[in-house]
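1. I would like to see how this sequence folds:
(one chain, ligands or ions: 1)
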Amino acid sequence: MKFQDKVVLVTGGGSGIGQAAALGFAREGATVVVAGRRREPLEQTVKLIEAEGGRATALTADVTSSAEVARLIGEIVERHGGLDVAVNNAGVLTSGQAGDIDEDDWARTIDTNLTGVMLSMKHEIAAMRERGGGVIVNVSSQIGAHKRLPGFGAYAASKAAVAALTRTAALEYIREGIRINVISPGPHDTPMSMRPGETEADRAERVKHQLPIGRVGTMDEITGAILWLASADAGFTVGHDLVVDGGSTL
Ligand SMILES: NC(=O)c1ccc[n+]([C@@H]2O[C@H](COP(=O)([O-])OP(=O)(O)OC[C@H]3O[C@@H](n4cnc5c(N)ncnc54)[C@H](OP(=O)(O)O)[C@@H]3O)[C@@H](O)[C@H]2O)c1
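-> Next up, the predicted model:
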């Protein structure tokens with residue numbers, strides 16, 4: 001029970017990696033808060049956690065809004081007395097080559113993936129200071145932080161910037177007991193790793209050739225990495241960018 005009685009926030013906790021991480025923290029004894037824009041998927045995560053005997057709450061918030069993130073963190077502190085761990089995982093994927101990136105897509109990608117992480121950290125850090133410390137894990141991506149993929153420039157720019165922001169913040173707050181790291185997943189088993197029109201079988205065939213490991217990552221594998229970074233086992237790990245990608249950036 002590595003997170004017994006810890007209060008853990010997972011943004012984007014209604015689906016994919018965020019939902020898997022929320023379940024992982026709950027299994028380790030945490031009180032989990034899942035946040036996102038849509039209530040229904042968040043409530044589904046809460047149901048899954050409660051079915052296993054865990055504790056979880058669903059709170060809607062759009063990470064692109066400072067006011068909504070402030071309200072989210074305020075509500076967590078009010079309900080649970082503070083915040084110990086935050087996984088800033090909410091994100092979107094858009095495509096388009098540099099010469100014709102849709103400007104609304106650009107804004108949505110930067111607002112969610114980069115500004116969303118900045119705003120989340122800003123309000124989380126304030127709560128963690130009150131508590132005397134905490135842990136933040138930001139979710140970047142191998143695309144952008146470590147390699148380039150034609151057609152995904154906005155996403156790459158947002159995720160590379162998340163890695164830079166994380167490492168700067170890690171230096172700024174470690175003396176206050178707030179430990180901040182970033183994780184860079186390669187393709188994992190969620191719809192986000194599928195190309196337009198691709199089936200799961202098509203994706204399996206593509207990654208068999210593309211990735212050294214020959215397959216996408218599982219939810220257990222990415223969750224294990226997130227939980228480790230957030231745990232006391234990683235207590236001396238500060239500003240690290242943990243690449244979890246089946247060897248594809250080697
Ligand atoms: N899957 C992969 O292969 C992969 C690889 C590298 C990195 N990643 C990163 O891992 C994270 C999770 O990806 P995933 O595959 O699990 O995707 P996903 O299932 O689409 O999850 C993204 C979550 O973010 C939430 N979200 C989006 N915009 C938001 C906003 N403005 N405010 C609050 N929540 C918002 C969504 O919920 P609502 O729509 O309800 O808000 C959704 O639950 C992302 O940051 C992604 O870039 C994924």
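2. buried ones in the one helix or strand Glu124 maps to?
-> In this assignment (DSSP states H and E), Glu124 forms part of helix 116-131. For helix 116-131, the neighbour count (16 or more other Cβ atoms under 10 Å) marks Gly116, Val117, Met118, Leu119, Ser120, Met121, His123, Glu124, Ile125, Ala127, Met128 as buried. The C-beta positions use only the backbone N, C-alpha and C, and glycine is treated the same way.
3. Check stretch 1-20 too.
-> Within stretch 1-20, the residues that qualify as buried are 2-3, 6-20, counting by 16+ other Cβ under 10 Å.
4. Just confirm Leu9 is within a helix.
-> No: counting by DSSP: H, G, I helix; E, B strand; the rest coil, Leu9 falls outside a helix, being strand.
5. my guess is it contacts Glu124, does it?
-> Yes: using Cβ atoms under 8 Å, Leu9 is in contact with Glu124, at 7.2 Å.
6. Spell out which residues are contacts of both of the two.
-> Ile73, Leu83, Ala86 (Cβ atoms under 8 Å, 6 or more residues apart in numbering).
7. quick revisit: ok, and which of the buried residues of helix 116-131 reach the ligand?
-> Residues of the buried residues of helix 116-131 in contact with the ligand (Cβ under 6 Å from any ligand atom): Gly116.
8. Output the buried residues of helix 116-131 as a markdown table; include the columns pLDDT.
-> As requested, those are exported to a markdown table (pLDDT from 0 to 100):
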| residue | pLDDT |
| --- | --- |
| Gly116 | 99 |
| Val117 | 99 |
| Met118 | 99 |
| Leu119 | 99 |
| Ser120 | 99 |
| Met121 | 99 |
| His123 | 98 |
| Glu124 | 99 |
| Ile125 | 98 |
| Ala127 | 98 |
| Met128 | 98 |
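9. Closest one of the buried residues of helix 116-131 to Pro212?
-> Among the buried residues of helix 116-131, Val117 lies closest to Pro212 (Cβ to Cβ), at 28.6 Å.
10. what residue is smack in the middle of this structure?
-> Centroid check for the chain by Cα atoms, centre = their mean gives Asn89 as the closest residue, at 1.9 Å.
11. Just list the residues touching it, thanks.
-> Val10, Thr11, Gly12, Gly13, Ile17, Gly18, Ala21, Val139.
12. which of these are close to the ligand?
-> Okay, of the contacts of Asn89 touching the ligand (Cβ under 6 Å from any ligand atom), that's Thr11, Gly12, Ile17, Gly18, Val139.
13. Let me know the closest of those residues to Ala160.
-> Val139 (13.4 Å).
14. Correct me if wrong: that closest one contacts Gly91.
-> Yes: assessed by Cβ under 8 Å, Val139 is found in contact with Gly91 at 6.5 Å.
15. Give me the common contacts of these two.
-> Common neighbours of Val139 and Gly91 (Cβ under 8 Å, 6+ apart) are Gly12.
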